[in-house]
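>>> Could you work out the structure for the sequence below:
(chains A, B, C and D)
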Number of protein chains: 4
Amino acid sequence: MSTKKKIGILGASGYTGAELVRLLLRHPRVEIAVLTADRRAGQMMGDVFPQFAPYDLPRLVTIDEVDWANAGLDLVFCALPHATTQKVLKDVFAKAPDVKIVDLSADFRLEDPAAYAKWYGHEHHALELQKEAVYGLAEIYRRDIKKARLVANPGCYTTCAQLPLIPLLKAKAIEPDEIVIDAKSGMTGAGRSAKEEMLFSEVSEGFNAYGVGQHRHMAELDQEFSKAAGKDVVVSFTPHLLPMNRGIFSTIYVRGRRGKIAQDLHEILVKQYEKEPFVHVLPFGKTPHSRHVRGSNMTFIGVAADRIAGRAIIVSTLDNLTKGASGQAVQNMNLVLGFPETAGVDQPPMFP
Amino acid sequence: MSTKKKIGILGASGYTGAELVRLLLRHPRVEIAVLTADRRAGQMMGDVFPQFAPYDLPRLVTIDEVDWANAGLDLVFCALPHATTQKVLKDVFAKAPDVKIVDLSADFRLEDPAAYAKWYGHEHHALELQKEAVYGLAEIYRRDIKKARLVANPGCYTTCAQLPLIPLLKAKAIEPDEIVIDAKSGMTGAGRSAKEEMLFSEVSEGFNAYGVGQHRHMAELDQEFSKAAGKDVVVSFTPHLLPMNRGIFSTIYVRGRRGKIAQDLHEILVKQYEKEPFVHVLPFGKTPHSRHVRGSNMTFIGVAADRIAGRAIIVSTLDNLTKGASGQAVQNMNLVLGFPETAGVDQPPMFP
Amino acid sequence: MSTKKKIGILGASGYTGAELVRLLLRHPRVEIAVLTADRRAGQMMGDVFPQFAPYDLPRLVTIDEVDWANAGLDLVFCALPHATTQKVLKDVFAKAPDVKIVDLSADFRLEDPAAYAKWYGHEHHALELQKEAVYGLAEIYRRDIKKARLVANPGCYTTCAQLPLIPLLKAKAIEPDEIVIDAKSGMTGAGRSAKEEMLFSEVSEGFNAYGVGQHRHMAELDQEFSKAAGKDVVVSFTPHLLPMNRGIFSTIYVRGRRGKIAQDLHEILVKQYEKEPFVHVLPFGKTPHSRHVRGSNMTFIGVAADRIAGRAIIVSTLDNLTKGASGQAVQNMNLVLGFPETAGVDQPPMFP
Amino acid sequence: MSTKKKIGILGASGYTGAELVRLLLRHPRVEIAVLTADRRAGQMMGDVFPQFAPYDLPRLVTIDEVDWANAGLDLVFCALPHATTQKVLKDVFAKAPDVKIVDLSADFRLEDPAAYAKWYGHEHHALELQKEAVYGLAEIYRRDIKKARLVANPGCYTTCAQLPLIPLLKAKAIEPDEIVIDAKSGMTGAGRSAKEEMLFSEVSEGFNAYGVGQHRHMAELDQEFSKAAGKDVVVSFTPHLLPMNRGIFSTIYVRGRRGKIAQDLHEILVKQYEKEPFVHVLPFGKTPHSRHVRGSNMTFIGVAADRIAGRAIIVSTLDNLTKGASGQAVQNMNLVLGFPETAGVDQPPMFP
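The predicted structure is shown next:
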């Protein structure tokens, strides 16, 4: 159809690239016009991800091969590694200033250049773009996203923690200084690069923490939690790797403030999200399973009382490749391009 | 929309029931009007499968609670256990003779009452319906299915073996007396009943065969292979259980006939399926992975030469819950109700 | 050999029973003389656990069939369900007062009858035995265990949390009121009974919490932590289920006390455990993987600094069937019978 | 103890190296004196495999750093990659002609230099050693192994297929021209090198064949089957990868010869193996699970009748790292050094 918007995906040979293709192939309003993958350029998408062999998709090219000025792209998803992204996007905007971009890397998520430099060990290479970027957590920044040229798609761990905690911090319903987030991720969150510690035989039948006390995702949490609380918030956050493919699961320990107990926290979240298509709050005392959101753009949240008076345990889960990355990116695309927000990301979870 | 057809699902609390709901929720031409589950009657679908909690679905009822004469159902999927099905469907047709039925059990797949009695140990309880039933392998019997009132949806193992072998048997390109089918299934193929041997701790990190030399699926294979070959065909078939959820994978050993070699067999399959939406034949010498069809209605088929002259190895794979059960059932519904054959089952595979 | 001690196992058809058999078959000082399994009585152990088919083991009998007075048993492992155990052991001691018992259930772990009644919902049926029972955490109560007739083998979650925390609480090095234990267990911890939620297809590729805010293991933690701290300690504890067979993994969030920082906590644990055969403390800042203790009686502990000043993250892991149950039980048997403590439980971990 | 034999392991940083260490650490008659790993030289074994951190083991060195003439090694296990092995072992024997070697690579398994050149694409670099090498399938060549200086430890797939088939071929009980071997392996069989297709996210929840029609293991099967049958035997053999760590599982389709039926084949195997410590033949009609041999040196074999008259289905399973590699290597060491054959490899399987 002539009215379909033309979409590009930079970095299509990784898992978030594949997930974008999966979702966009059945999106009613777009067509995939450009797919890049520098090391796999010249190959078909079906060579890199055999599940797409039966589909008619453009051949993979290098980023340099894209004729940005004339490609006629309406929106580009950028699923490139950290740091590379800054350079590439500056170049893309130089050649095609009207294109919209949803960036899935961490490069444009931090507003404060000093925070960026501290966590990433170097100055940001595209500060002017960083100023323009809108943080793409639709449930919080929907209005700004609609007007954005550059959307910084949030991280998977951080989306999973922010959706339950931001409304509670805004409502001043929990102590901002006593938050513990114990987070667990499926292996696709670690990407597709060939590393010994990511081999099946190293991962299967085992569990471990990593980046204990120092994970980069903390910078993003600090920023958004501090904005929500109106004061500096620093949380305890430990990421772990689960022997499974998809899913982020956060167990969050909080203390109620000003007499708020677990039921009050639950009520705040129920109200906040009752009309949101992609956030589902379970009945009080019930907690969700990661398997029940698999393959969907849903976040499931549960709240239970701890046996320690005044404390609550909040559980939040989503699919790291969908709501934690590519699904949220399509949701952001829908906002940016004026489509219904659920278009192409309304498929139910796949369980079992 | 007023034009949507009304659908019922009998046995919605099992895995094929859940898969039907997953697919039908996004089917553009139907609405789910009735869900039954005798032991879970009164509960919501979200109590039985929490992934559906956010969706608006009818409450589960018993089969007896359905007012068949007035329910206005256009088509019913029957996902009940063997033998129960015969009795229930006879009753449904008695009360609602115009409803269409796609039955996912094995009850109406065997044309020969003697074969049924031999493999199942008792006389068939609905012989007149059995005569009317059309075997629902759309790629072979599409024309008949369109006119059917009762479609017997094929089994998962048998679909996976028939799609590559029936064209070869029809073309008399392989020896019908030397076929070995080594078949492997994900655990969802074993259903949702609570049995010790199906516990995670019994299944994970292990592999086994079952029903060696005597599996009931052989009756269905015998029937269809014999029809295709024009003579009695009896194959060696061994089913195994894989420590994974979804996927059937068949490794098939054949000998070419009349000088036909592996490349010839490949060519026959390529021609047979070049226009089929749900069968993809890989380039000669390549064999598919089960993971690349997961969650989709696709069958992937590969053909390679064995090093023994004249012999070939054929690999076929599909998702047992989709093309092996509920996806094929929706494909059959589409044929029966006159919808485009791919409606609601056109989602790409989900990998990883 | 005539000098081997005779051992009985009550409840040999469960996973802890199988693990006891695995360990005892190669223990140099004992022989397995009695195996009970009421529902499988009359069968061979190889019928219930085919891995033991090649071994010469006594046929399974019911508990009632055991001639306690004349069986000549030196020690009995009891791997029966909760509550049943109290009744059975009272009876065993009545008939064979000189036998030693290592009980793997929770029945004799709580010293306070009121705590037992509160958490288990009924009065304890063998209060006099409860008084006599010694809590079997060898690293803490070794001296008492050597003299015990009845050893209450600790739980898997609680062993994993106590080994790192008890020395810190005793040293008053951490705040007892701010302990958060986020615990994850492999599926064998849930036992072998056939339940829908434990099926492979329900568990694989997913993660969930359970018993949030109210798990029974908390009673055992309260008791031992309060003893160690010399004051009432109540911790936040959330158990989760991992899609894998073996392993307990605890991520523990603590705040140092009296100026103690993470390095100090690490030093306390290094000193405490430097001569223990079954506890290994990693270098400061490193945290262990559950897979690296699989199949062994080892506990691996790591300590890292949180980025929040004064806070530390402690990670502890063990194999729930070995150090978390049957291995610890054999360790206790060794103490009770005067064998070297590592006899029969000195096999290295099995990875991968 | 002064009487312990000194053992070296070349290539200790791979999975078969780790499995050798696991087994030898508890072997009563040997001590590990040398561990090499060229790329990890200088590190401790606990850096490469953290499960060994608590054990006192020699630091990893390069092969060149070993002072072969003076190291006093009694036996060396060689777990190096193909082709490298030939060169290294020629050099080792030049410097230490009295050392015994058990080689786990494929380099010395093929007696015929032409077969080697055909399958590996180059001339053999140590033909004189190849002549001397004894094929290390203890159940068949026990007498020769005891006198060997160089033992070529069999492959995992081939051990699993030979143990059931060689006695049947020797007895001329099956048709040698109609053997189909459908073989499945756990992922550890693919080694520890970092490759995209071996990542957890690529492997989990999926199944595939590889090397279809052309796998190198066939050369080893051809050689041994032809010797057993007294004529050239060429089998159909397809290897597959299972989403699990340990286990080889072979489903073997055969036709009885000279009126032999499945029961006759079973009887031959029962007689052949009734006194073997590491081969267990199940009752007729029962087939084994891979999980029930995990971590042990056992092979479990089952025989069932096919429904096609005269045909049988044989199932054979072992742990690819133990009986399929390192366990069998220790068994061979025991024979070479005159120890009891089961020393150090008598631990029962670990299930679950």
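
>>> helices and strands of chain A: which one bottoms out on pLDDT?
Lowest mean confidence among the helices and strands of chain A (mean pLDDT, DSSP states H and E): helix A:113-120, at a mean of 92.

>>> quick one: is that one near chain C?
No: judged by C-beta under 8 Å from any C-beta of the partner chain, helix A:113-120 stays clear of chain C, getting no closer than 11.1 Å. The way it works is simple: take the backbone N, C-alpha and C, and place the C-beta from them, glycine included.

>>> Kindly report the residues of the stretch 151-300 of chain A close to chain C.
So far as C-beta under 8 Å from any C-beta goes, the stretch 151-300 of chain A lies against chain C at A:178, A:180, A:182, A:184, A:186, A:201-202, A:204-210, A:212-214, A:218, A:234, A:236, A:238, A:240, A:242-247, A:249, A:251, A:253, A:285, A:287-292, A:294.

>>> Enumerate every residue touching the closest residue to residue A:324 other than its chain neighbours.
Nearest-residue entry for residue A:324: residue A:156, 2.9 Å, with adjacent residues in sequence omitted and distances by C-beta to C-beta, 6 or more residues apart in numbering or on different chains. Going by C-beta atoms under 8 Å, 6 or more residues apart in numbering or on different chains, residue A:156 touches A:185, A:189, A:248, A:318, A:320, A:324-325.

>>> Pull out the buried residues from these.
A:185, A:189, A:248, A:318, A:320, A:324-325 (16 or more other C-beta atoms under 10 Å in any protein chain shown).

>>> Can you add secondary structure and pLDDT and give those back as TSV?
Shown next, in TSV, are the buried ones among the contacts of residue A:156 (DSSP: H, G, I helix; E, B strand; the rest coil; pLDDT from 0 to 100):
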residue	secondary structure	pLDDT
A:185	strand	98
A:189	helix	96
A:248	strand	98
A:318	strand	98
A:320	coil	98
A:324	helix	98
A:325	helix	98
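
>>> how many other residues sit next to the nearest residue to residue A:199 once chain neighbours are set aside?
Among residues not flanking residue A:199 along the chain, residue D:198 sits closest, at 5.1 Å (C-beta to C-beta, 6+ apart). Here the count is done by other C-beta atoms under 10 Å in any protein chain shown, and residue D:198 has 21 residues near it.

>>> do residue A:227 as well
Around residue A:227 there are 16 residues (other C-beta under 10 Å).

>>> isn't there a helix covering it?
Yes: with DSSP: H, G, I helix; E, B strand; the rest coil as the criterion, residue A:227 is located in a helix.

>>> With residue A:170 as the reference, measure out to it.
9 Å (C-beta to C-beta, to the nearest Å).

>>> Near chain D, which residues of chain A are found?
A:15, A:187-188, A:190, A:192-196, A:198-205, A:243-245.

>>> The same query, at a cut-off of 10 Å, please.
Taking C-beta under 10 Å from any C-beta of the partner chain as the measure of proximity, chain A contacts chain D at A:13, A:15, A:48, A:50, A:186-206, A:208, A:241, A:243-246, A:321.

>>> which residues touch residue A:69?
Contact analysis of residue A:69 by C-beta atoms under 10 Å, 6 or more residues apart in numbering or on different chains lists A:94-97.

>>> no, scratch that, I was asking about residue A:271
Residue A:271 neighbours (C-beta under 10 Å, 6+ apart): A:167, A:171, A:281.

>>> Tell me how chain A divides into domains.
What automatic domain parsing lists as the domains of chain A is A:5-132, A:157-320.

>>> Can you tell me which of those domains is packed in deepest?
Of all the domains of chain A, domain A:157-320 has the most neighbours on average by mean count of other C-beta atoms under 10 Å in any protein chain shown, namely a mean of 22.

>>> Please report the separation between the first and final residues of stretch A:112-129.
Across stretch A:112-129, the terminal residues are separated by 13 Å (C-alpha to C-alpha, to the nearest Å).

>>> Quick one: distance of it to the chain centre.
From the chain centre to the centre of stretch A:112-129 is a distance of 20 Å (C-alpha atoms, centre = their mean, to the nearest Å).

>>> Please list the outside residues in contact with it.
Contacting residues not belonging to stretch A:112-129 are listed as A:82-91, A:93, A:101, A:103, A:106-110, A:130-133, A:149-150, A:152, A:214-220, A:222-223 [C-beta under 10 Å, 6+ apart].

>>> shaky segments in the stretch 1-150 of chain A?
A:1-2 (pLDDT under 70).

>>> Right, and chain D sits closest to which residue of it?
As assessed by C-beta to the nearest C-beta, chain D sits closest to residue A:15 within the stretch 1-150 of chain A, at 6.8 Å.

>>> all strands for the stretch 201-350 of chain A, in order.
When secondary structure is read from DSSP state E, counting those that start in this stretch, the stretch 201-350 of chain A shows strands at A:208-209, A:236-241, A:248-255, A:279-281, A:299-305, A:311-318.

>>> before we move on, what about the stretch 51-200 of chain A?
Using DSSP E, counting those that start in this stretch, strands in the stretch 51-200 of chain A cover A:60-61, A:75-78, A:100-103, A:134-135, A:150-152, A:180-185.

>>> Parallel or antiparallel, list what pairs with the last one.
This means strand A:180-185. Here strand A:180-185 has these sheet partners by DSSP bridges: strand A:236-241 (parallel), strand A:248-255 (antiparallel).

>>> Return the angle between stretch directions for that strand and strand C:311-318.
Going by axes from the mean of the first three to the mean of the last three C-alpha atoms, to 10 degrees, strand A:180-185 is angled at 50 degrees with respect to strand C:311-318.

>>> Tell me the gap between strand A:180-185 and the middle of its chain.
The chain centroid and the centroid of strand A:180-185 are separated by 15 Å under C-alpha atoms, centre = their mean.

>>> ok, residue A:221 to chain B distance?
Relative to chain B, residue A:221 is positioned 26 Å away (C-beta to the nearest C-beta, to the nearest Å).

>>> Ignore what I typed, I meant residue A:267.
According to C-beta to the nearest C-beta, residue A:267 and chain B sit 18 Å apart.

>>> and the one residue in the stretch 51-200 of chain A that gets nearest to chain C, what are its bridge partners?
Going by C-beta to the nearest C-beta, chain C is nearest to residue A:182 of the stretch 51-200 of chain A, at 3.9 Å. Taking DSSP bridges as the rule, residue A:182 bridges to residue A:238, residue A:251.

>>> what's near enough to touch it?
Per C-beta under 10 Å, 6+ apart, neighbours of residue A:182: A:209, A:236-240, A:249-253, C:180-184, C:238, C:240, C:251-253, C:313.

>>> go again using 6 Å as the cut-off
Under the criterion of C-beta atoms under 6 Å, 6 or more residues apart in numbering or on different chains, the contact partners of residue A:182 comprise A:238, A:251, C:182, C:251.

>>> how about those residues in a markdown table, adding pLDDT?
Below are these laid out as a markdown table (pLDDT from 0 to 100):
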| residue | pLDDT |
| --- | --- |
| A:238 | 97 |
| A:251 | 98 |
| C:182 | 98 |
| C:251 | 98 |
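
>>> Mind picking the two most distant members of the residues you listed?
A:238 and A:251 (10.2 Å; C-beta to C-beta).

>>> Walking through the stretch 151-300 of chain A, point out its helices one by one.
Assigned by DSSP state H, counting those that start in this stretch, the stretch 151-300 of chain A shows helices spanning A:156-170, A:200-203, A:217-229, A:262-273.

>>> the inter-axis angle of the third one versus helix A:113-120?
With the same axes, to 10 degrees applied, the angle from helix A:217-229 to helix A:113-120 works out at 150 degrees.

>>> Would you agree residue A:280 is in contact with residue A:299?
No: taking C-beta atoms under 6 Å as the definition, residue A:280 is not a contact partner of residue A:299, at 7.1 Å.

>>> give me every residue that touches the closest residue to chain B within the stretch 1-150 of chain A.
Nearest residue of the stretch 1-150 of chain A to chain B (C-beta to the nearest C-beta) works out as residue A:51 at 3.9 Å. Counting by C-beta under 6 Å, 6+ apart, residue A:51 touches B:292, B:349, B:351.
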